[in-house]
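Undergrad: Sequence and computational prediction follow.
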Amino acid sequence: MVNPTRGVLYPARLPLFHRLPATGAAADLAVWFWIPEWDIEPGRSSRQEVVAYPALNLVVEQSAVTLSGATTRASHRDLSGKGWAVGALLRPAAVGALADDAAALVDGEVRVDEPELRTAVTEAMASGEGRRERAAAAFSDWLVARVGPLGEPARQANGLVDALLGEHAASTPEEAATRLAVSVRTLQRMAHRHVGLSPAAMIRRRRLQEAAERLRADPALDLSLLAAEAGYADHAHLTRDFRRVLGITPRQYRADSAS
């Protein structure tokens, strides 16, 4: 199930925004394709703020293709004029074919020379009704061809993310390692190689996203109850995580989301 807004801090402020699930062979390589489109009045801009999934993104725009690493803080982008982007939230199995060192990309991005991808997606986005679906299909076809057949290590790396971020996700790295029948050290190496973050950091990001989503859905929610349900030790722990990653407290975020 594609969650349309998790990770987006202020969904009401978004331009036109879609998430399309990866299907077929591409489902092993991307979680979904995200597509914002905007047309903003001259002299104005729109700030889009996210607390991103702990993963890499491959992003196509008319002028470039970029590979963005996982992040350790909330990030933003200021949109102006008219434009679009088509991004793929990558699964670990795709990362090895696109990046030599995922950890080196944390909190950064690089341009990649993939003209066939840029041309295929740009042509799809220029084609009117159904453009987003065609763009996702073109991206999928390119990704499957670029990565090629998957070996067992790539599939095991996908299992790592499923254990840490999927439904009924593990609450600790030790639990995730047990589910995957590997040592905690092996789990750490897999996360470093394919995501660039530690398993513990990935779990913290999942909890923070869930907490932010709950606050948007229920502004009256008691923060101590939220902390307990999201897996935090206490209210203070939740507040520290919010302040460290978002730069604001849960109370401030709740107030900002309602405005």
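TA: Alright, I've got the coordinates.

Undergrad: Quick check: buried residues in stretch 180-193?
TA: By 16 or more other Cβ atoms under 10 Å, the buried positions in stretch 180-193 come out as 180, 182, 187, 188, 190, 191, 193. Quick note: C-beta positions are derived from backbone N, CA and C, even for glycine.

Undergrad: so which of these comes closest to residue 245?
TA: residue 191 (17.9 Å; Cβ to Cβ).

Undergrad: Check which helix or strand the closest one maps to.
TA: Using DSSP states H and E, residue 191 falls within helix 184-194.

Undergrad: contacts for that helix?
TA: 92, 95-96, 102-103, 156-157, 160-161, 164, 173-174, 176-177, 180, 182, 197-199, 202 (Cβ atoms under 8 Å, 6 or more residues apart in numbering).

Undergrad: so for that helix, what's the average pLDDT?
TA: Summarised as a single mean, pLDDT over helix 184-194 is 95.

Undergrad: Tell me the buried residues in stretch 19-30?
TA: Quick answer for stretch 19-30 (16+ other Cβ under 10 Å): 19, 20, 22, 26, 28, 29, 30.

Undergrad: Serialize these to CSV and add fields for distance to residue 108.
TA: Putting the buried residues of stretch 19-30 into CSV (distance: Cβ to Cβ, whole Å) gives the following:
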residue, distance to residue 108
19, 24
20, 26
22, 24
26, 25
28, 26
29, 22
30, 20
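
Undergrad: biggest separation within those residues, which pair?
TA: 19 and 28 (17.8 Å).

Undergrad: Setting aside sequence neighbours, what's the nearest residue to residue 247?
TA: Distance criterion Cβ to Cβ, 6 or more residues apart in numbering; nearest residue to residue 247, sequence neighbours excluded, is residue 74 at 6.8 Å.

Undergrad: Do you know the pLDDT at that neighbour?
TA: At residue 74, pLDDT is 85.

Undergrad: Which residues does the helix or strand harbouring residue 117 contact?
TA: Using DSSP H and E, residue 117 sits within helix 115-125. Applying Cβ under 8 Å, 6+ apart, the contact partners of helix 115-125 are 60, 62, 64-65, 84, 86, 131-132, 134-135, 137-139, 141-142, 146.

Undergrad: Mark which of these are buried, thanks.
TA: 60, 65, 84, 86, 131, 132, 134, 135, 137, 138, 139, 142.

Undergrad: got a pLDDT number for residue 152?
TA: Predicted confidence (pLDDT) for residue 152: 92.

Undergrad: can you count the residues close to it?
TA: 7 (other Cβ atoms under 10 Å).

Undergrad: Which residues are in contact with residue 172?
TA: With Cβ under 8 Å, 6+ apart, residue 172 has these contacts: residue 203.

Undergrad: What separation do you get for it and residue 178?
TA: 9 Å (Cβ to Cβ, to the nearest Å).

Undergrad: what do you get for residue 158?
TA: Counting by Cβ to Cβ, the separation of residue 158 from residue 178 is 18 Å.

Undergrad: So for these two, which residue has more residues nearby?
TA: residue 158 (19 against 15).

Undergrad: Beyond the helix or strand harbouring that one, next helix or strand please.
TA: Using DSSP H and E, residue 158 sits within helix 152-165. Next along the chain after helix 152-165, taking DSSP H and E as the criterion, comes helix 173-180.

Undergrad: Mind checking the pLDDT average for that next one?
TA: Mean per-residue pLDDT for helix 173-180: 96.

Undergrad: Give me the residues contacting that helix.
TA: Contacts for helix 173-180 (Cβ under 8 Å, 6+ apart): 156, 159-160, 163-164, 169-170, 183-184, 186-188, 198-200, 203.

Undergrad: give me the low-pLDDT residue ranges for the chain?
TA: 1-5, 12, 14 (pLDDT under 70).

Undergrad: Helices along that one, start to end?
TA: For the chain, applying DSSP state H gives helices covering 92-98, 115-125, 131-147, 152-165, 173-180, 184-194, 199-217, 223-229, 235-246, 250-258.

Undergrad: Out of the ones you listed, flag the one nearest residue 34.
TA: Nearest to residue 34 among the helices of the chain is helix 131-147 (9.7 Å), distances taken as Cβ to Cβ.
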